[in-house]
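Engineer: just to be clear, the model below is a prediction. Sequence and coordinates:
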Amino acid sequence: MNKEYFISEYKSLREKLGRPPKSSEFYQLNTIVKNQFVRAFGSNAYTKLQEASDDTPNKLDLQLTTGDEILNQYGQLIRNLQKLPTHADWDYYGCKPVRIERSPLGWTWKELPQLFLKEFHEHKDWKDVVHLIEAEGYKTPIEKPRKNIDFEKTIEGVKSWNPQRKRFTEETYKVELRGFLQSSRFNVGEEKGDSNIDLLVNNSVAIELKKDPSTSEYDRLAGQMIRHLMIYKYLIVVICDISSEDRFREFMKSIDFIFVPLKLNVEIIVK
């Protein structure tokens, strides 16, 4: 399949629609194999295709995608597929941005189901999508009041941290997180007390950091969390580089079963 083939398909779709098609509409054509299309045109393939077809590239493709737009695309994709989409599904249907991790929002792909539930769990229009997400083991967040300002600020601080690159050890992630928090004017210590926490913020908020835990490591983490909470009232668990969503979901089920009913001050953050 060469450039002329794709230009012909684009022009046929344009004539059918009566307007320049969106990239998502073009990629949905049964006659289009996306990897062959990208090989034919290279980077920014759809923009080059529109230019070669004497069209002005769609402005939407050149703009930053907002959080609402990302979640609406994600929800619609779940509705269409009747399951949680994969990265390949997102790419195939031309959703934007191509890589969620490159968005200025600092979101990750693994966070999208929970972010969607948090934003739309009370919207009647998305009730069917919420049920599909919950059927995969995700829980609609129950907002519980927090009164500790240090805990709230530390949660926001950790959420705003985006690792500069993928690290090979927990220790290097911990060093980077500590440096980030200190640069944000948090008072940060480490490995204090009988529970041997990773970081301690403002002498009150404990942080435990893990890198891609195995099943046994998740089990040990639950025990560590209990020990930390026997000493510190506020705990943040940071999990980096999750490779198995199934293991993470099983861990979150145990958290919901053990910690949520007790209304403990625990926050799980994925990086």
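Structural biologist: Arrived safely.
Engineer: helices along the stretch 151-271 of the chain, start to end?
Structural biologist: For the stretch 151-271 of the chain, applying DSSP state H, counting those that start in this stretch gives helices covering 170-183, 215-231, 245-258.
Engineer: turn these into a markdown table, columns for distance to Ile78.
Structural biologist: From N, CA and C alone the C-beta is placed, and that goes for glycine too. Converted to a markdown table, the helices of the stretch 151-271 of the chain look like this (distance: least, CB to CB, whole Å):
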| stretch | distance to Ile78 |
| --- | --- |
| helix 170-183 | 31 |
| helix 215-231 | 26 |
| helix 245-258 | 15 |
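Engineer: once you drop chain neighbours, what's closest to Gln73?
Structural biologist: Closest residue to Gln73 apart from its sequence neighbours, by CB to CB, 6 or more residues apart in numbering: Cys95 at 4.6 Å.
Engineer: give me the three-state assignment for that neighbour.
Structural biologist: For Cys95, the secondary-structure state derived from DSSP: H, G, I helix; E, B strand; the rest coil is coil.
Engineer: next one: phi and psi at it?
Structural biologist: Cys95 adopts backbone torsions of phi -70, psi 150, taken as degrees, to the nearest 10.
Engineer: figure out which of the helices of the stretch 151-271 of the chain is closest to Ile149.
Structural biologist: Taking CB to CB as the criterion, helix 170-183 is the member of these that comes nearest to Ile149, at 15.5 Å.
Engineer: helices or strands up against the closest one?
Structural biologist: Packing partners of helix 170-183 (3 or more CB pairs under 8 Å, 6 or more residues apart in numbering; DSSP states H and E): helix 149-159, strand 188-189, strand 199-201, strand 205-211, strand 234-240.
Engineer: closest one to Tyr74 among these?
Structural biologist: In this view, the helices and strands packed on helix 170-183 are compared for proximity to Tyr74 by CB to CB, and helix 149-159 is the closest at 19.1 Å.
Engineer: so what touches that closest one?
Structural biologist: Contacts with helix 149-159, where a contact means CB atoms under 8 Å, 6 or more residues apart in numbering, come from 106, 146, 177, 180-181, 184, 186, 201-202, 204-205, 207, 234, 236, 238, 265, 267, 269.
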